[in-house]
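J.: Turn this into a structure:
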Amino acid sequence: MQIRSQVLKLLATPGTDSRFFDAYLPNAIRTATGCRPHQVWEALYGLLADGLVYIDSGQQAPDNWRWKLSERGLKAVSGGPWEPHDPEGYLRRLRRQIPTLHPTAYQYMQEALQAFNAGCYLACSVMLGVAAEQVFLEVAEAMVAAAPSAEKLRKELDNPKSSQHARFQALRARLEPLRNTLPDDLGDSLTMDAVADLLRITRNEAGHPHGRVIDEDTAYTHLQMAARYLSKMTALAEHFTRQAATQSTMPPPAKNAGL
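T.: Numbers count the residues shown, from 1 in each chain. Model (predicted):
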């Protein structure tokens, strides 16, 4: 378990002695994680800088000051598994649940979480949109490879002037007749609607100087939605990649000897 996550867990555990002095909370963290003293203090002050903890100096003696969870820290501990206020936990679950996530998408998700926790919600949305776009393009390319007859989608992908909206609509039109053949509801309409909305807001609006304001609640919702979107779309891309690989290994149809 990462040091930061362990600190949050300890502070949320009733009965934890969270006093500032090294013999108390820092020692408990070292015992739980096996890390070195300087790593403990780096983690604590990193959480302090991110606004997840604060130092309660209500006691006169500094040794009796206490580390406590801030309101943001409480959200990180009590929130769902896709909790942006706990970026380490979020990324750890992302790596575990989507091990084949494209490295570029993962990099931009890291940037999105950093921007979110710095209060830069517009920047967060733009970074999130780039990650979503990367995975969307993977699906589109895999679909074209699996179905060479998808000419309209191929033309949209090859045309540098095509908008992401046009490309998405071409992909969705190609996906529609295949919906019932896809495993695990990978092509369900709710997911596709969420993808369209995410790309529209984060790339078409937030990514251009339209003066759109992204508040914390909107960015928070997008980060939670994006994790599920990245998981489903990565699985969809892998489905079409396997399909294309199967087709490439199939022997050509036998020729009619009479022709």
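J.: and the residue nearest the centre of the chain, what is it in contact with?
T.: Nearest to the mean C-alpha position of the chain, counting by Cα atoms, centre = their mean, stands Ala227 at 4.2 Å. For Ala227, the contacting residues are Trp82, Tyr90, Arg93, Leu94, by Cβ atoms under 8 Å, 6 or more residues apart in numbering. All C-beta atoms are positioned from the backbone trio N, CA, C, and that covers glycine.
J.: neighbours around the residue lying closest to Phe20 once chain neighbours are set aside, how many?
T.: Nearest non-adjacent residue to Phe20, counting by Cβ to Cβ, 6 or more residues apart in numbering: Trp65, 4.1 Å away. The number of residues packed near Trp65 is 17, by other Cβ atoms under 10 Å.
J.: repeat for Trp41
T.: 13.
J.: which residues touch it?
T.: Trp41 sits next to Pro26 when contact means Cβ under 8 Å, 6+ apart.
J.: model confidence over the helix or strand containing it, on average?
T.: Following DSSP states H and E, one finds Trp41 within helix 37-49. Mean pLDDT, helix 37-49: 91.
J.: List the neighbouring strands of the helix or strand following that helix plus their orientation.
T.: Following helix 37-49 in sequence order, the next helix or strand is strand 53-56 (DSSP H and E). Note on strand 53-56: by DSSP bridges, its sheet partners are strand 66-69 (antiparallel).
J.: just to revisit the earlier point, ok, the residue nearest to the centre of the chain to Leu128 distance?
T.: 10 Å (Cβ to Cβ, to the nearest Å).
J.: pretty sure Ala43 contacts Leu8?
T.: No: when contacts are counted by Cβ atoms under 8 Å, Ala43 is not listed as touching Leu8 (9.8 Å).
J.: in this protein, which spans are helices?
T.: 3-12, 25-33, 37-49, 71-78, 87-97, 103-117, 121-146, 151-158, 164-175, 189-199, 216-249 (DSSP state H).
J.: Most tightly packed of those helices?
T.: Greatest average neighbour count among the helices of the chain goes to helix 121-146 (a mean of 22), per mean count of other Cβ atoms under 10 Å.
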